[in-house]
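Chemist: A structural model of the following input is requested.
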Amino acid sequence: MKKKQPIDRGLTGRWTSCDEFGSTVEYRISIVRGEYRVGCVDTFDGERAEVYDIRGDGDRLRFCAHWPSTGRFSKNSVFWRGAGGADQAELTYTYTDTELLRRRPTKKGLAEGRQKQVEQAYPGRARGFSTKSCFAVSFVDH
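Modeler: Residues are numbered from 1 along each chain as shown. The predicted structure follows:
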C-alpha cells in the first residue's frame, strides 16, 4: 500500500492574484477529513467553476476546473512558497481558449463563385463555358 503524503497546511485559505490586472478568480482551499477541497469563484460575476481531480502530493496541489459559461477548462498546480513567503503561492495553469473560425470555400464553391462573377461582368457571354474558359474568354475579349 502506498504511503499517504502528509498534507501541507500552508495552502489553505483564500488566494487571489497579486497582479492588480491579473485574474479575478479567487481560489478557496480547505481541508475536510484529511483531504483537500478546492473552490474557484470568479469575483467579477460570482460564477463558480466545477472543480475535480484534486490531488495533493505534499509539494503541490493539482486540480482541474471547468467554467460552464465559457466552456473554458484549466489544469492547475499550486505551490506554497514556504515560511519565507507564507502569504504567497505560485499558481501554474494551462487552459483552453476560444478562436473564431470561418469556413474556407471548397474548389467547387470557388468555381461556382467565379462563374457567377463572370456572368455578372459579361452578361450572355459566359454561358456554356467552364470557369476556366470564361476567364480565358474574358481576358481575350479585353
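Chemist: Give me the buried stretch members for the biggest helix by length in the chain, please.
Modeler: Ranked by number of residues, the top helix in the chain under DSSP state H is helix 107-121. By 16 or more other Cβ atoms under 10 Å, the buried positions in helix 107-121 come out as 115, 118. Bear in mind the C-beta positions are built from the backbone N, C-alpha and C, glycine included.
Chemist: likewise stretch 71-89?
Modeler: By neighbour count, with 16+ other Cβ under 10 Å as the criterion, the buried positions of stretch 71-89 are 74, 76-80, 89.
Chemist: Can you pick out the most distant pair from those residues?
Modeler: Using Cβ to Cβ, the pair of those lying farthest apart is Ser74 and Trp80, separated by 19.2 Å.
Chemist: follow-up on the earlier one: minimum pLDDT in the buried residues of stretch 71-89, which residue is that?
Modeler: Taken together, the buried residues of stretch 71-89 show their lowest pLDDT at Trp80, with 84.
Chemist: what bridges to that residue?
Modeler: When bridges are called by DSSP bridges, Trp80 pairs up with Ala89.
Chemist: how close does it get to Gly58?
Modeler: 11 Å (Cβ to Cβ, to the nearest Å).
Chemist: ok so, going back, nearest to Trp15, out of the buried residues of stretch 71-89: which one, please.
Modeler: Ala89 (5.8 Å).
Chemist: I'd like to know how far that closest one sits from Glu35.
Modeler: With Cβ to Cβ as the criterion, Ala89 and Glu35 are 18 Å apart.
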